[in-house]
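Trainee: the following comprises the amino acid sequence and a computationally predicted model.
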Amino acid sequence: MTSTPHDAVFKRFLRHPETATDFLTLYLPEAIRQRCDFSTLRLQSASFIDEDLRARYSDVLWSVQTTCGTGYVYVVIEHQSSPDSHMAFRLMRYAIAAMQRHRMPGTKRCRWWCRCFLSRCNQSVSFSLNWLDEFADPQLATTLYGCPFPLIDVTVMPDDDIVQHRRVALLELMQKHIRQRDLSGITESLAAVVMLGYTNRRQLRMLFHYMLQYGNTAEPGVFLRRLARRLPQYEETLMSIAQKLKQEGRQQGRLEGREEGHRRACKKAADARRCALPAVCYRMASTKRWYRRSPDCRLMNYSRCVVNVLPRQPLPGAKIRRAGLR
């Protein structure tokens, strides 16, 4: 739906393939125009103008086949009489949004985009058409956004180099080794980093909890005690973590024991009442859900005893067969 008369006229003309071909032939850069086959122009039903700016701008998107695959031409028209000095940045933002929507599935390459801006201002355009010029330091912006971003890959860094990274050394060491088979192999490196004194106790506690929760170590308690011997000044902190892990293990064991006992009691009670559970009950027990095929029974959580689900009196023969109990 168009929002203004300007929008309606603009889209009525530039949505016509022959009109769009003439427009693009006139105004696209020569290097781009030579690569395009305008007989393949296809109108795309998309708009990327912000909702609160649609009274001032309209846009049309075309796809076209080129010498390097499918590309897009994105045209924006300005309906206001005064120029917008931030238009270059806004065009880039719209183009990025359009690229995201039209990424080629299953490939690593983005399709190229050409942006055009049709102005009808009463004043000549005095601002730069390069969005990087909107930054206070355009040269720095070009370096930041026109060059590859810096990649910090800790997996290829030697541990001896990481240890020299002061306050981020412990974090990098954890990130490098968190997925290895056994973390006990990095005890010496961890101790060496901690002994440098760049990490406070709160950070240590957080990182050790993270390491023991998401890392791999066969015996967490032994690992912490070994660290405590190397770091006597942090023995209290490490032992408190070990004690907490021990308590959590006991609680988990008690919970699993109660669940297993509950399942056994349910099965025993059902067998005692000579009401064999349907086979689906046994299959679903491992997923902590009990089912019955009877139409008058609903899905029951495993924490409720099957005795309470099964009827206390035998059902009539028809219902028993329907329930799958015989």
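Mentor: Alright, I've got the coordinates.

Trainee: and L61, bridged to which residues?
Mentor: In this structure, L61 bridges to Q44, Y74 when assessed by DSSP bridges.

Trainee: quick check: domain ranges of this protein?
Mentor: Domain assignment for the chain by automatic domain parsing gives 5-145, 154-250, 273-323.

Trainee: among those domains, show the one with the smallest mean pLDDT.
Mentor: Note on those: domain 273-323 shows the lowest mean pLDDT, a mean of 45.

Trainee: what about W62, neighbour count?
Mentor: A total of 24 residues lie near W62 under the criterion other Cβ atoms under 10 Å. To be clear about C-beta, it is placed using only N, CA and C from the backbone, and glycine gets the same treatment.

Trainee: same deal with Q34?
Mentor: That count, for Q34 with other Cβ under 10 Å as the rule, works out to 10.

Trainee: go on, the one 3 residues further on?
Mentor: Here the neighbour count serves as a burial measure; for D37 (other Cβ under 10 Å) it reads 10.

Trainee: how about D160?
Mentor: 9.

Trainee: which positions within whichever strand or helix holds it qualify as buried?
Mentor: Assigned by DSSP states H and E, D160 belongs to helix 159-163. Using 16 or more other Cβ atoms under 10 Å as the test for burial, helix 159-163 gives D159, I162, V163.

Trainee: list of residues touching it?
Mentor: V154, A169, E172, L173, K176, I186, S189, A192, V193, L196 (Cβ atoms under 8 Å, 6 or more residues apart in numbering).

Trainee: most surrounded residue in those residues?
Mentor: Neighbour max across the contacts of helix 159-163 (other Cβ under 10 Å) = V193, 26 neighbours.

Trainee: you'd agree that residue is in a helix?
Mentor: Yes. Applying DSSP: H, G, I helix; E, B strand; the rest coil, one finds V193 inside a helix.

Trainee: the nearest residue to H86 once chain neighbours are set aside and L207: what is the separation?
Mentor: Nearest residue to H86 in three dimensions, chain neighbours excluded: E134, at 6.7 Å (Cβ to Cβ, 6 or more residues apart in numbering). From E134 across to L207, the span is 41 Å (Cβ to Cβ, to the nearest Å).

Trainee: show me what contacts L118?
Mentor: F10, V75, V76, I77, E78.

Trainee: P29 now?
Mentor: Applying Cβ under 8 Å, 6+ apart, the residues near P29 are C114.

Trainee: distance of T155 relative to L204?
Mentor: In terms of Cβ to Cβ, T155 sits 23 Å off from L204.

Trainee: let me fix that: G71
Mentor: From G71 to L204 the distance is 53 Å (Cβ to Cβ).

Trainee: can you tell me the SS state at S63?
Mentor: strand.

Trainee: now for it, how many residues are close by?
Mentor: There are 16 residues near S63, going by other Cβ under 10 Å.

Trainee: from memory it sits against S45, does it?
Mentor: No. Counting by Cβ atoms under 8 Å, S63 does not reach S45; the two are 11.2 Å apart.

Trainee: quick one: the helices in the stretch 101-250 of the chain, in order.
Mentor: Using DSSP state H, counting those that start in this stretch, the helices of the stretch 101-250 of the chain run over 138-145, 159-163, 169-177, 187-195, 201-214, 220-230, 235-272.

Trainee: quick check: angle from the fourth one to helix 220-230?
Mentor: What separates the directions of helix 187-195 and helix 220-230 is an angle of 50 degrees, with axes from the mean of the first three to the mean of the last three Cα atoms, to 10 degrees.

Trainee: and L255, what's its pLDDT?
Mentor: pLDDT at L255 comes out at 62.

Trainee: and the residue nearest to E219 when sequence neighbours are not counted, how far is that from L224?
Mentor: Spatial nearest neighbour of E219, chain neighbours left out: S184 (7.9 Å); criterion: Cβ to Cβ, 6+ apart. For S184, the distance to L224 (Cβ to Cβ) stands at 10 Å.
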